[in-house]
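**Student:** Dropping a prediction and its sequence here:
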Amino acid sequence: MAETPASTPWSIRPIALRDDAVVARIIRTVMPEFGACGSGFAINDPEVDWMSRAYAEPRSAYFVVERGGEVLGGGGVAPLTGGDADTCELRKMYFLPEARGLGAGSAMMARCLEAARGFGFRRCYLETLTGMDAAMRLYERSGFRRIGGPLGDTGHGGCNSFYLRDL
């Protein structure tokens, strides 16, 4: 896997059990910032409380961004529920404001896509929400293209923007 250069103010590493509570707090803090509250959003997904276990499943990985020993965000990949076996989903990629604008999102994206390729996926799908403009710009810079509707059965009925990328 790609290493984070020593000159960056943060590092990326696989999630550990000790990170579960802070990652859940980050997700539940960031999502309302963008209006992602209520049913149909990951904020209510019970997986949020045990991310390290959820992403220990086959062909799944979740990474955290940390600075000075403090976790500031994360992102992962897993098979697309109800989708083709060769398609993964970029999942639960959220960062606290202090991690934004530092290049951590681009580095996290690269790390996740590298893991997806390593698991043998040929495409990566994601769902997001109108208003997450910086995230959408990152997805497009990373080679994702907007598609007309959802794939698979993610359970995220509140999302209204869908992207796909060949790996």
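**Tutor:** Yes, it's here.
**Student:** Ala85 - that's part of a strand, no?
**Tutor:** No: assigned with DSSP: H, G, I helix; E, B strand; the rest coil, Ala85 falls outside any strand and is coil.
**Student:** my guess is it contacts Arg59, does it?
**Tutor:** No: between Ala85 and Arg59 there is no contact under CB atoms under 8 Å: 9.2 Å. C-beta here means a position set from N, CA and C on the backbone, and glycine is covered the same way.
**Student:** Find the residues that touch each one of those two.
**Tutor:** Both Ala85 and Arg59 are in contact with Pro79, where contact means CB atoms under 8 Å, 6 or more residues apart in numbering.
**Student:** Specify which residue of those two has the higher count of neighbours.
**Tutor:** Between Ala85 and Arg59, counting by other CB atoms under 10 Å, Arg59 is the more crowded of the two (15 against 11).
**Student:** how about the strands in this structure?
**Tutor:** In the chain, the strands defined using DSSP state E lie at 11-14, 61-67, 70-79, 87-95, 123-128, 145-147, 161-166.
**Student:** Tell me which of the ones you listed lies nearest to Ala115.
**Tutor:** strand 61-67 (4.3 Å; CB to CB).
**Student:** In its sheet, which strands sit next to that closest one, and in what direction?
**Tutor:** Using DSSP bridges, the strands paired with strand 61-67 are strand 11-14 (antiparallel), strand 70-79 (antiparallel).
**Student:** Return the most buried member of these.
**Tutor:** strand 70-79 (a mean of 23; mean count of other CB atoms under 10 Å).
**Student:** Span of stretch 88-105 from start to end?
**Tutor:** 18 Å (CA to CA, to the nearest Å).
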